[in-house]
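1. Next one to model:
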Amino acid sequence: MKITKNVLVELDYKLTDEDNNHLNPEEEELIYLHGGYGHVHEALEEALEGKTEDEAFKIVLTPAQAFGEYDEKLVVKELLSDLPEEIYVGMELDSADDDAEEEGIIYVVKEIQDEFAILDANHPLAGLTLTFEGKVGKLQELNEDEIEELLAHNHHDCGDDCDHDH
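-> Next up is the predicted model:
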């Protein structure tokens with residue numbers, strides 16, 4: 001069987017950056033529905049099209065194909081008095097809670113200073129060229145009912161910003 005539309009794909013993979021840093025040591029398996037459902041990056045899906053079980057793959061994604069370029073405009077400095085009392089480095093804050101103009105942006109607290117906190121809404125892997133390397137595992141062709149059930153359980157709209165493989 002080959003990877004084509006509506007095939008449930010299992011991958012064993014290693015994700016590295018351009019300096020060969022291993023970025024996913026905790027989670028080296030990915031299962032997704034192939035065929036443009038937005039479960040993985042479009043460039044990764046295109047590269048896996050037609051591969052078979054146990055076939056090795058190595059795919060390099062540019063920042064634009066992966067999580068986008070790093071955008072300095074997404075880094076903000078906020079007064080601690082405008083933020084929740086118990087903030088800590090690594091905490092995620094939704095912009096809808098702090099009266100930002102755009103709702104739904106998630107900021108991560110990067111640094112806490114005397115009166116300010118530095119918040120960053122870039123994806124942690126933004127700006128990186130990423131290498132997905134591994135082996136195709138089990139492939140399973142799904143029927144229409146199985147696809148609908150899977151999509152109902154995994155319903156989300158993440159498009160190119162999908163982060164289900166980390």
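
2. and L139, backbone torsions?
-> As for L139, its main-chain torsions (degrees, to the nearest 10) stand at phi -120, psi 140.

3. Can you name the residues bridging to it?
-> Assessed by DSSP bridges, L139 has beta-bridge partners V9.

4. ok, it - how many residues close by?
-> Using other Cβ atoms under 10 Å, the number of residues around L139 comes to 19. Using the backbone N, CA and C atoms, a C-beta is placed for each residue, glycine as well.

5. How about N143?
-> By other Cβ under 10 Å, the residues close to N143 number 9.

6. pLDDT score for it?
-> Looking at N143, its pLDDT stands at 90.

7. What of E69?
-> E69 is assigned a pLDDT of 96 by the prediction.

8. Help me confirm that it comes into contact with A126.
-> Yes - distance between E69 and A126: 6.6 Å, which falls inside the contact criterion (Cβ atoms under 8 Å).

9. more crowded one of these two?
-> Relative neighbour count places A126 above the other of E69 and A126, with 17 against 12, counting by other Cβ under 10 Å.
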